[in-house]
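Novice: Here you go, sequence then predicted model.
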Amino acid sequence: MSSHGAPQPMISRKCGAISGVAEIPGDKSISHRALILGALSVGETRVTGLLEGGDVLDTAKAMRAFGAEINRMEDGEWRIFGVGVGGFAEPEDVIDCGNAGTGVRLIMGAMATTDIAVTFTGDASLRSRPMGRVTDPLALFGATAHGRSGGRLPLTMVGAQDPVPVRYTTPMPSAQVKSAVLLAGLNAPGETVVIEAEATRDHTERMLAGFGADISTEITDEGRVITLKGQPELTGQTIIVPRDPSSAAFPVVAALLVEGSDISLPNIGMNPTRAGLFEALKLMGADITFLNERLEGGEPVADLRVKYGPLKGITVPAENAASMIDEYPVLAVLAATASGITHMPGIKEMRVKECDRIDAMVQGLRACGVQIDETEDSMTIHGMDNIPGGATCKTHLDHRIAMSFMCLGMVAENPVKIDDAGAIETSFPDFIPLMETLGAKFAKLNG
């Protein structure tokens, strides 16, 4: 069942070489943060390149419910008139975050130190995901949360009346947890400190600094120690959202899958805390060139050229996991065509995404004839010359699982079907037409 209505089954057939320019949508992580920090600022924030997928649009609706004025202009620019730190009003209705795990966790952090009560819900996938990893550290500020068993949505959070600053060590690599704590620290007095043993994507720290927060990062024996001084006055900014490297992963892998392919991808975000996939692809022997490397809005950006070529299996460095956790599903598809064995350790975080992504990929790839082994914390894929395909793969309301199996169908001997493409809308609304323009053979099926 799609998160937005009836299931939308699709089929992907083997195709010839793909070519052309892949115009990737704006970065989802940065888009969420731009809306939230714009809403917490004083004055006007202007955002160009915002991802207009379901997840981000749900965050925009939430910020309006908290009192921010948010408008999309005819030229595609978004303008946000914020309410300032601590200025969130209590929403009149439930906040529905749809499929957005990032959105709901960041919004919880942003409101946790304001004395308001907010009830959060989402689609079936989001309602199944654990929220304790965020509500537990937010409780240290004085916020309380009341949800279903396991801390699942629907959940009501009551913000702290008299918030206190927190020093918190993240128990697992999670940019969502880190960001929720930092956003909560904005409206707490004194210094809030987050310590992470393993670096995760740092968009929140970069953007907080850009909006005027006093934030610093120090590398110590404990790890990355991030210190935020509370109760700043954030001021509106102009933000150019780079294009999403996680979305770019799908046409990149497709070009590496299909013999003779050659594509270009302009303006892709190359933040080093998000670049693990490209490092892994290079280790496999991928022909990827990074052109016109530059900074835009404080974020590194480059134009990519990707050409098909033979690949070899590798052991993906476990230390890369945090910087590519969303890209493992489509990398598993690519690994199925590489020579030798690809081992992916240190990836247990995949089990608590929109679905258990390890299980989803194992079941789908096996159904398509691929030998794949799993442990709680790893996948091992045995490469083969020809992928049989021919299966219908379950997507579990997960956009990345859906897109990964659509890419698999582009190279499998027999068509690959997915039970529901509806979730793709949450992060990459133009995925299907973009891939078809490049040369993919996708088609809708009758439900």
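Specialist: Arrived safely. Just so it is clear, the structure is predicted and the values come from calculations on it, not from any experiment. Numbering: from 1, shown residues only.
Novice: which residues of this protein fall in helices?
Specialist: Secondary structure of the chain by DSSP state H: the helices cover 28-39, 54-65, 101-111, 124-127, 132-139, 175-185, 203-210, 245-257, 276-284, 328-335, 357-367, 399-409, 431-438.
Novice: any chance of these in JSON lines, with distance to Val21 too?
Specialist: Heads up, the C-betas are built off the backbone N, CA and C, glycines and all. Converted to JSON lines, the helices of the chain look like this (distance: least, Cβ to Cβ, whole Å):
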{"stretch": "helix 28-39", "distance to Val21": "21"}
{"stretch": "helix 54-65", "distance to Val21": "23"}
{"stretch": "helix 101-111", "distance to Val21": "28"}
{"stretch": "helix 124-127", "distance to Val21": "32"}
{"stretch": "helix 132-139", "distance to Val21": "38"}
{"stretch": "helix 175-185", "distance to Val21": "30"}
{"stretch": "helix 203-210", "distance to Val21": "25"}
{"stretch": "helix 245-257", "distance to Val21": "10"}
{"stretch": "helix 276-284", "distance to Val21": "19"}
{"stretch": "helix 328-335", "distance to Val21": "20"}
{"stretch": "helix 357-367", "distance to Val21": "29"}
{"stretch": "helix 399-409", "distance to Val21": "18"}
{"stretch": "helix 431-438", "distance to Val21": "9"}
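Novice: Now tabulate the ones you listed in a markdown table and tack on mean neighbour count.
Specialist: Rendered in a markdown table, the data for those read as follows (neighbours: other Cβ atoms under 10 Å):
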| stretch | mean neighbour count |
| --- | --- |
| helix 28-39 | 28 |
| helix 54-65 | 23 |
| helix 101-111 | 27 |
| helix 124-127 | 18 |
| helix 132-139 | 20 |
| helix 175-185 | 27 |
| helix 203-210 | 22 |
| helix 245-257 | 27 |
| helix 276-284 | 20 |
| helix 328-335 | 28 |
| helix 357-367 | 21 |
| helix 399-409 | 29 |
| helix 431-438 | 19 |
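Novice: Take those helices and lay them out in a markdown table including distance to Pro300 and mean pLDDT.
Specialist: As requested, these are exported to a markdown table (distance: least, Cβ to Cβ, whole Å; pLDDT from 0 to 100):
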| stretch | distance to Pro300 | mean pLDDT |
| --- | --- | --- |
| helix 28-39 | 12 | 97 |
| helix 54-65 | 21 | 97 |
| helix 101-111 | 21 | 97 |
| helix 124-127 | 31 | 93 |
| helix 132-139 | 28 | 96 |
| helix 175-185 | 17 | 97 |
| helix 203-210 | 10 | 95 |
| helix 245-257 | 10 | 98 |
| helix 276-284 | 12 | 97 |
| helix 328-335 | 21 | 98 |
| helix 357-367 | 27 | 98 |
| helix 399-409 | 23 | 98 |
| helix 431-438 | 23 | 98 |
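Novice: Any idea which of these gets closest to Ala321?
Specialist: For Ala321, the closest of the helices of the chain is helix 276-284, at 7.2 Å, according to Cβ to Cβ.
Novice: got the contact list for the closest one?
Specialist: Contacting residues not belonging to helix 276-284 are listed as 245, 249, 252, 256, 270, 288, 311-314, 316-317, 320-324, 327, 331, 334, 338, 342 [Cβ atoms under 8 Å, 6 or more residues apart in numbering].
Novice: How about the contacts made by the residue lying closest to Glu259 once chain neighbours are set aside?
Specialist: Closest residue to Glu259 apart from its sequence neighbours, by Cβ to Cβ, 6 or more residues apart in numbering: Tyr308 at 5.5 Å. Residues in contact with Tyr308, defined by Cβ under 8 Å, 6+ apart, are Ala17, Ala255, Leu256, Leu257, Val258, Glu259, Gly260, Ser261, Asp262, Asp287.
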